[in-house]
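[1] let me see the structure of the following:
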Amino acid sequence: MKTIVLATDFSRNANQAARFAVQLARDWKAELILLNAFHFWPDNPAKTGDFPLSEDAIRETSEKKLKHLADELSEVAAVPIHCLVQEGHTMNAIRAVTKAKNADLLIMSTVGTAPKSTQLLGSIATGMVEETEVPLLLIPPGIGYAGMKNIVLGVDLAIPPNAIALETALEFARASDSLINVLCISETPNSPELRERAEHFRRLLLQVPHTMSLVKGSEVYDTLLQFSHDNKADLIMMLPQTRSWLWKLFSEGETQRMARLTDIPLLAVV
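    Okay, here's the model as predicted:
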């Protein structure tokens, strides 16, 4: 874990996520890239006279704000910090930068400039759950960094885990020297087949301190969040399943719903 990208819209919650990011970068001995993405509209049909919001003006403003943020973060933790302004539609721009910089982690605040609508409609950050190509760490409002020693990993044992995503999750836990509390929610937690799968899953975690819990239920969000609070988790990890564009169009994934509603940091591992 050497490169962390923090995407910001300069809102108060995004700045809070940036402080979380710089402290995590310090602990991981990683570099931190501060990213602001903007979309420039080259013309406005309703305008009269000169249009003041030129691309150069927008870029210059973003660069100044990023520099100010970087200076503030440098007082929090001494890590290499780089600033980057990217023009383009937000999600596409973020995805392009994480790929170009070979990022190990993307961090965003769950709430940006429109906090009142986020829990109902979601945000750019929650939308990124379906779009990101690197692990995405989402920071809810009011959460400060205090290490991540106690992690809850929600899994669906009915579906074989993505081996790459699981190894990434374990690498994250090892880098943070964390305990992983694995939680599987099922309507038949005592079935021999499920318990056999649970034992197989535990063998994959032999090198990482962990616990395994099979809990009866059908509501993933409520059960996972309550379990995380009961176990005083610092972080929730989920392994989003790949879904077709048609399925995405008409339904919300469990990880995306958790991202929209959680009050505990959430890592979507892809």
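
[2] on the three-state scheme, M108 is what?
    Assigned by DSSP: H, G, I helix; E, B strand; the rest coil, the conformation of M108 is strand.

[3] which one is it nearest to, not counting chain neighbours?
    The shortest distance from M108 to any non-neighbouring residue, by Cβ to Cβ, 6 or more residues apart in numbering, is to A125 (4.0 Å). The C-beta positions use only the backbone N, C-alpha and C, and glycine is treated the same way.

[4] give me phi/psi at the one you found?
    phi -60, psi -50 (degrees, to the nearest 10).

[5] tell me, how many residues neighbour it?
    By other Cβ atoms under 10 Å, the residues close to A125 number 31.

[6] what does L35 give?
    24.

[7] the one 4 residues further on now?
    A count of nearby residues for H39, using other Cβ under 10 Å, gives 12.

[8] who's in contact with the spatially closest residue to L179 that is not a sequence neighbour?
    Nearest residue to L179, sequence neighbours excluded (Cβ to Cβ, 6+ apart): P209, at 4.8 Å. Applying Cβ atoms under 8 Å, 6 or more residues apart in numbering to P209 gives the contacts 178-180.

[9] would you mind finding the longest helix in this structure?
    helix 55-74 (DSSP state H).

[10] quick check: which ranges of the stretch 51-200 of the chain have low pLDDT?
    51-53, 112-122 (pLDDT under 70).

[11] strands along the stretch 151-270 of the chain, start to end?
    179-186, 210-216, 235-238, 266-268 (DSSP state E, counting those that start in this stretch).

[12] repeat that for the stretch 1-150 of the chain.
    Going by DSSP E, counting those that start in this stretch, the stretch 1-150 of the chain shows strands at 3-7, 31-38, 81-87, 105-109, 136-139, 150-155.
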